[in-house]
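Student: Please find the sequence and the predicted model below.
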Amino acid sequence: MKVAEMMSTDVCIAAPTDTLQRAALLMAQNDIGSLPVGDGDRLVGFLTDRDITVRAVAEGKGPETPIAAVMSAEVKYCYLDDDVDDVAKNMADLEVRRLPVVNRDKRLVGIISLGNFAQSGHRHASQDLLEGVAARH
């Protein structure tokens, strides 16, 4: 099975110039804990609720701080046509719950998450991923 068959395509994207307050609002409205950060459809970063807590609030940065100041600029991602078993293993090794999905032109096309694996019924990949993520916590 390929990532394209399992990923979510309805992805909220933030701009690097958006504020942390806007990012937090998007996360709250969509019940999500992370946002890909894009310049158009080019993936330039990734922001998590943990980034907001640890890199912003803990350091005294306010809600008007641009996302670019606290986002992770070194983004791990997978390709649309990658095999889900390989992606699950990679996510487990990286100990992450989600990865942005890009096409071969490195344009953001979706996101794949632990939830996608759980809903897919792809038992082997889901188990590998869950064990990797659980190892982190």
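Tutor: Now that the structure is in, tell me what you want to look at.

Student: For my notes, confirm residue 37 occurs in a strand.
Tutor: Yes. Applying DSSP: H, G, I helix; E, B strand; the rest coil, one finds residue 37 inside a strand.

Student: in this protein, what residue sits furthest out from the centroid?
Tutor: The C-alpha centroid of the chain is most remote from residue 60, which lies 24.6 Å away (CA atoms, centre = their mean).

Student: and the gap between that one and residue 69?
Tutor: 12 Å (CB to CB, to the nearest Å). Bear in mind the C-beta positions are built from the backbone N, C-alpha and C, glycine included.

Student: you'd agree residue 79 is up against residue 107?
Tutor: No. Using CB atoms under 8 Å, residue 79 is not in contact with residue 107; the gap is 10.9 Å.

Student: which of the two has more neighbours?
Tutor: residue 79 (17 against 13; other CB atoms under 10 Å).

Student: Please name the bridge partners of that one.
Tutor: residue 102 (DSSP bridges).

Student: What residues does it make contact with?
Tutor: Residues near residue 79 by CB atoms under 8 Å, 6 or more residues apart in numbering: 3, 101-104.

Student: again with residue 102
Tutor: Contacts of residue 102 (CB under 8 Å, 6+ apart): 43, 77-80, 108-109.
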